[in-house]
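A.B. asks: quick one, fold the following:
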Amino acid sequence: MKSVMSYLGAIGAAQREAMDADERVIIIGEDVEANVYGTTGAGKSRAAEGDFLQRYGRNRIRNTPISEEIIVGAAAGAAMTGLRPIVDLSYSSFTYLAMDQFVNQIAKNRFMFGGQASIPVVFRSAMFYGLNTGAHHSDRPYPMYMNFPGLKIIAPASPSDAKGLLRSAIDSDDPVLSFEACPLWPMKEEVEEDEYRIPLGVGRTLREGSDLTIVAVSGAVPEAVIAADELAKEGISVEVFDPRTLVPMDVAGIINSVVKTGRLVIADPAHKTCGAAAEISALVAEHAFSSLTAPIKRVVTPDTQIPFSPALEKHLYPNRNSIAAAARSILQVSQPV
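C.D. replies: Prediction:
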């Protein structure tokens with residue numbers, strides 16, 4: 001049976017399912033007891049139905065100090081000694097403060113110990129871009145973490161994906177970082193109430209097409225779908241593909257689509273240099289160069305710091321207009337007047 005869930009509600013549902021199924025699953029992080037971000041209860045009131053603190057107690061739901069290095073280090077130790085932590089780090093921009101733990105402990109320990117220890121831990125963080133939160137809070141840092149072997153990276157772009165990917169992440173014996181785009185928080189759709197999982201490394205075709213492929217990441221996905229719908233009115237058939245998981249990447253899904261259409265636009269909210277779009281471009285160049293009938297186009301955020309000004313910030317990220325313009329450019333057609 002399905003019911004309408006928001007993006008955050010779907011995350012909460014996945015966490016509740018996992019905690020009901022396995023007492024080793026715990027949640028730690030900033031303000032998780034108070035359900036500040038809406039993923040650990042039905043409301044801000046302690047009496048609200050579904051409240052995680054009442055349901056599971058402080059042994060399994062625990063606030064942490066505002067010290068990301070300590071939070072991530074504690075989660076690593078807990079995971080290596082038998083628990084399966086879900087860590088709420090709040091802002092993705094704050095993950096930098098725990099970089100040594102991520103790079104030298106979380107990513108490496110299973111390899112350094114020859115597989116004798118696994119690290120089943122999920123780190124959730126929110127990318128607060130597009131909300132006028134300034135340069136210190138608006139980063140989309142998933143490309144940086146893609147470069148560290150040993151970490152899995154998910155970027156769910158819908159409530160259904162948020163629930164299914166998170167359940168698979170919690171089941172994983174390897175560390176998983178979940179980057180969740182705040183512009184997607186208000187999104188609602190019908191989500192399966194029963195348990196289900198979306199395998200890591202398996203993308204999704206949201207729209208079939210034959211003229212051009214748009215590979216869209218995270219918050220750019222719904223904008224790409226809207227752009228494709230608008231282009232369809234102009235007689236342009238666009239295929240939209242969401243990798244969903246950035247590590248491991250569904251390379252076969254991307255390549256198959258590009259071989260089919262011969263053209264590629266990549267929409268990625270991260271910065272241009274060394275971003276996810278750059279990696280996808282390289283993969284297509286390596287595996288499907290002979291299928292391309294036009295240069296690859298990247299629609300990404302320029303290599304600049306994010307301004308606080310709403311008027312300036314809104315023009316930086318991929319949107320339906322910039323994605324559609326890139327598609328027309330590749331096809332060498334003009335926008336109808």
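A.B. asks: doesn't Ile330 make contact with Pro295?
C.D. replies: Yes: Pro295 is in contact with Ile330 according to C-beta atoms under 8 Å; the separation is 7.4 Å. No exception for glycine: its C-beta is placed from N, CA and C like everyone else's.
A.B. asks: show me what contacts Ile254?
C.D. replies: Gly203, Thr213, Val215, Phe241, Pro243, Ile280, Leu283, Val284 (C-beta atoms under 8 Å, 6 or more residues apart in numbering).
A.B. asks: the residue nearest to Asp31 when sequence neighbours are not counted: neighbour count?
C.D. replies: Leaving aside its sequence neighbours, Asp31 sits nearest to Asn63 (C-beta to C-beta, 6 or more residues apart in numbering; 6.5 Å). Other residues within reach of Asn63, judged by other C-beta atoms under 10 Å, total 15.
A.B. asks: so who does Asn63 touch?
C.D. replies: Contacts of Asn63 by C-beta under 8 Å, 6+ apart are Ile28, Gly29, Glu30, Asp31, Val32, Glu33, Ala34.
A.B. asks: lowest-confidence entry in the residues you listed?
C.D. replies: Ranked by pLDDT, these bottom out at Ala34 (84).
A.B. asks: got phi/psi on that one?
C.D. replies: phi -90, psi 0 (degrees, to the nearest 10).
A.B. asks: how much space between it and Ser210?
C.D. replies: The gap separating Ala34 from Ser210 is 50 Å, by C-beta to C-beta, to the nearest Å.
A.B. asks: now do Tyr317
C.D. replies: Tyr317 is 28 Å from Ser210, by C-beta to C-beta.
A.B. asks: okay, these two: which has more neighbours?
C.D. replies: More crowded of Tyr317 and Ser210, by other C-beta under 10 Å: Tyr317, with 25 against 12.
A.B. asks: checking that one next. Helix, strand or coil?
C.D. replies: Of the three states, Tyr317 takes coil under DSSP: H, G, I helix; E, B strand; the rest coil.
A.B. asks: ok, it touching Pro269?
C.D. replies: Yes: look at Tyr317 against Pro269 with C-beta under 8 Å: they come within range, at 5.1 Å.
A.B. asks: shared neighbours of these two, anything?
C.D. replies: In contact with both Tyr317 and Pro269: Tyr129, Gly219, Ala220, Thr301, using C-beta under 8 Å, 6+ apart.
A.B. asks: how about residues contacting stretch 219-226?
C.D. replies: 127, 129-130, 157-158, 181, 183-184, 187, 206-207, 214, 216, 240, 242, 267-269, 299, 317-320, 323.
A.B. asks: all strands for the protein, in order.
C.D. replies: Assigned by DSSP state E, the chain shows strands spanning 2-6, 25-29, 61-63, 84-91, 122-127, 152-154, 176-181, 188-192, 204-207, 212-216, 238-242, 245-247, 264-271, 297-301.
A.B. asks: need the ones you listed in a markdown table with distance to Phe113, can you?
C.D. replies: As requested, the strands of the chain are exported to a markdown table (distance: least, C-beta to C-beta, whole Å):
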| stretch | distance to Phe113 |
| --- | --- |
| strand 2-6 | 39 |
| strand 25-29 | 22 |
| strand 61-63 | 26 |
| strand 84-91 | 18 |
| strand 122-127 | 20 |
| strand 152-154 | 18 |
| strand 176-181 | 19 |
| strand 188-192 | 37 |
| strand 204-207 | 35 |
| strand 212-216 | 36 |
| strand 238-242 | 35 |
| strand 245-247 | 21 |
| strand 264-271 | 32 |
| strand 297-301 | 38 |
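A.B. asks: ok, Gly275 - contacts?
C.D. replies: If a contact means C-beta under 8 Å, 6+ apart, then Gly275 has Pro143, Asp268, Arg298, Val300 as its contacts.
A.B. asks: dihedrals phi and psi, it?
C.D. replies: According to degrees, to the nearest 10, Gly275 has phi -80, psi -180.
A.B. asks: now it. Nearest residue, chain neighbours left out?
C.D. replies: Pro143 (4.7 Å).
A.B. asks: list the contacts for that neighbour?
C.D. replies: Applying C-beta under 8 Å, 6+ apart, the residues near Pro143 are Ala270, His271, Cys274, Gly275, Ala276, Ala278, Glu279.
A.B. asks: go with 6 Å
C.D. replies: By C-beta atoms under 6 Å, 6 or more residues apart in numbering, Pro143 lies in contact with Ala270, Cys274, Gly275, Ala276.
A.B. asks: where does this structure dip in pLDDT?
C.D. replies: Applying pLDDT under 70 to the chain flags residues 42-50, 337.
A.B. asks: what's the longest helix in it?
C.D. replies: What stands out as the longest helix in the chain, according to DSSP state H, is helix 7-21.
A.B. asks: show me what that one is packed up against.
C.D. replies: helix 159-171 (3 or more C-beta pairs under 6 Å, 6 or more residues apart in numbering; DSSP states H and E).
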